[in-house]
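**Student:** Here is a sequence together with a model predicted from it:
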Amino acid sequence: MTRLADPRLIVALDLPTVAQAKALTNQIGDAVSFYKIGLQLFASGGMGLAAELKALGKQVFLDWKLHDIGATVEKAAAALAGAGADLLTVHGEPQVMAAAVKGRGASSLKILAVTVMTSLTDQDLAEMGYGLCATDLVQRRIGQALDLGCDGVVASALEANIARAMATRAGRPDFLVVTPGIRPADAALDDQARVATPADALRSGASHLVIGRPISAAKDPRAAAQAIAAEMAAIA
């Protein structure tokens, strides 16, 4: 029996061109049902690709990290809601989060707040002028996201347990914790500073895992996706 794709697995299409992204999705086939389109593809026709993936029955995560004045973010969220996207990221600042939630209205678009980028360390945050370590800043932004009606957050696997605990206390069992920086045990860290294995992230409270190079750069992307999904299947 063919195993259905795990909807908790989001494959990052972090590739230079739409043609390369399409080739990857064709290789993977029905082993994956959810894809992330980031800024790189946005600049080369990402919305067209998103529409094609939706027409194939896939879910689409627009990881564009909107960050602008409230009125602009509100209008952008409204436009993307009308385009049928499933998830959209915005930076986890109160004005930005509130505007995005208002803009998506009653649509099914889910707004995710980016807490702290997984490439940033405590030293990086200090150099940027923050007086909080990554864990404390993540906690503050999770609380704000919950208060402002966001549907979830993007947080590293090392902070996923914090997000899940805070959502539980707030009576939000449906709160999404989308976790990038996931690497199988034998994979390279690349540019990620705070990483975990798929099983570790799910045990910590992640609802979805975003995985890029361990799948996209594999000799057999379909087999790589299936192997990761098999590891995830063992975690309820």
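**Tutor:** Here it is on my side, so go on.

**Student:** end-to-end on stretch 64-74?
**Tutor:** Terminal residues of stretch 64-74 lie 14 Å apart, using Cα to Cα, to the nearest Å.

**Student:** can you count the residues close to the closest residue in space to residue 21 that isn't next to it in sequence?
**Tutor:** If the residues on either side of it in the chain are set aside, residue 21 comes closest to residue 13, at 4.3 Å by Cβ to Cβ, 6 or more residues apart in numbering. Backbone N, C-alpha and C define where each C-beta goes, glycine included. Using other Cβ atoms under 10 Å, the number of residues around residue 13 comes to 26.

**Student:** pretty sure residue 13 is touching residue 32, no?
**Tutor:** No - look at residue 13 against residue 32 with Cβ atoms under 8 Å: they stay out of range, at 10.4 Å.

**Student:** Need the residues touching each of those two.
**Tutor:** Common contacts of residue 13 and residue 32, defined by Cβ atoms under 8 Å, 6 or more residues apart in numbering, comprise residue 25.

**Student:** Could you export stretch 125-141 as PDB, keeping only the C-alpha atoms?
**Tutor:** Once non-C-alpha atoms are left out, stretch 125-141 reads as follows in PDB (Å, rounded to 0.1, in the frame of the first residue of the first chain):
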ATOM      1  CA  LEU A 125      21.100  39.400  18.700                       C
ATOM      2  CA  ALA A 126      23.400  41.300  21.000                       C
ATOM      3  CA  GLU A 127      25.200  42.800  18.100                       C
ATOM      4  CA  MET A 128      21.800  43.900  16.600                       C
ATOM      5  CA  GLY A 129      21.000  45.700  19.900                       C
ATOM      6  CA  TYR A 130      18.600  43.300  21.500                       C
ATOM      7  CA  GLY A 131      18.800  43.000  25.300                       C
ATOM      8  CA  LEU A 132      17.200  39.500  25.200                       C
ATOM      9  CA  CYS A 133      18.700  36.100  24.300                       C
ATOM     10  CA  ALA A 134      17.000  34.100  21.500                       C
ATOM     11  CA  THR A 135      14.900  32.100  23.900                       C
ATOM     12  CA  ASP A 136      13.500  35.100  25.800                       C
ATOM     13  CA  LEU A 137      12.800  37.100  22.600                       C
ATOM     14  CA  VAL A 138      11.000  34.100  21.100                       C
ATOM     15  CA  GLN A 139       8.900  33.800  24.200                       C
ATOM     16  CA  ARG A 140       7.900  37.400  24.100                       C
ATOM     17  CA  ARG A 141       6.900  37.200  20.400                       C
END
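
**Student:** got the buried residues for that stretch?
**Tutor:** The neighbour-count check on stretch 125-141 (16 or more other Cβ atoms under 10 Å) flags 125, 134, 135, 137, 138, 139, 141 as buried.

**Student:** Return the closest of the residues you listed with respect to residue 225.
**Tutor:** residue 138 (28.1 Å; Cβ to Cβ).

**Student:** Outside of the helix or strand hosting the closest one itself, list whatever touches it.
**Tutor:** Element membership of residue 138 [criterion: DSSP states H and E] is helix 134-148. With contact meaning Cβ under 8 Å, 6+ apart, helix 134-148 is reached by 92, 94, 97-98, 101, 113, 115-116, 120-122, 125, 130, 132, 152-153, 155-156, 158-159, 162-163, 166-167, 170, 172, 175, 194.
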